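K.L.:
have a look at this prediction, sequence included:
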Amino acid sequence: QQRNNNILYTMSIKSLPFLFVLLLTMFSASVRAFTIAPRFVAARAPFAARFMSTSDEGGPDTSIVEICRKKITDALGTENVKVQGAFDDPNGSHVSIVVVSDKFEGKRAVQRQQMVYKALWEELKGPLHAVDSMVCKTPEEAS
């Protein structure tokens, strides 16, 4: 019985450096997880300020939804553009788009979507996170 206790004690003493390294690694990883986020946010600060509004297009109170609508309207030469924040997203980082344009004539669905994405490319690199749904129709298809 005494010999078994000595072996367990010796094994636990030998494993202390391993346990120390394991705990140190776990602790440093958790600290790193919380310190990376503020640097990431600080690096994206110019974009974060543009989520709700921006002064790039049409004044200081223009929302990202309105900027997207204007860019699509200009690129496709149509006023029949509907852009809205999807899923009750207050800052418009997710949008749903419905566009009716005669420039879609003879284009496949993917080509139509590419035309809309091209108009929104700069916004997708910044404040616009995703287009949740997109409907692209010709005037004939819409009527």
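P.N.:
Now that the structure is in, tell me what you want to look at. Keep in mind that what you see is a predicted model, and the values were worked out from it rather than measured. Residues are numbered from 1 along each chain as shown.

K.L.:
checking the residue lying closest to residue 83 once chain neighbours are set aside next. Helix, strand or coil?
P.N.:
In space, and not counting its chain neighbours, residue 83 is closest to residue 69: 4.3 Å by Cβ to Cβ, 6 or more residues apart in numbering. Where C-beta positions appear, they are placed from N, C-alpha and C, glycine not excepted. Classification of residue 69 using DSSP: H, G, I helix; E, B strand; the rest coil returns helix.

K.L.:
next one: residue 69 from residue 85, what distance?
P.N.:
Distance from residue 69 to residue 85, counting by Cβ to Cβ, to the nearest Å: 11 Å.

K.L.:
try residue 116
P.N.:
17 Å.

K.L.:
more neighbours: those two, which one.
P.N.:
Using other Cβ atoms under 10 Å, the more surrounded residue of residue 116 and residue 85 is residue 116, with 23 against 17.

K.L.:
which stretches of this structure form helices?
P.N.:
Secondary structure of the chain (DSSP state H): helices at 2-14, 16-43, 45-48, 64-76, 109-124, 139-142.
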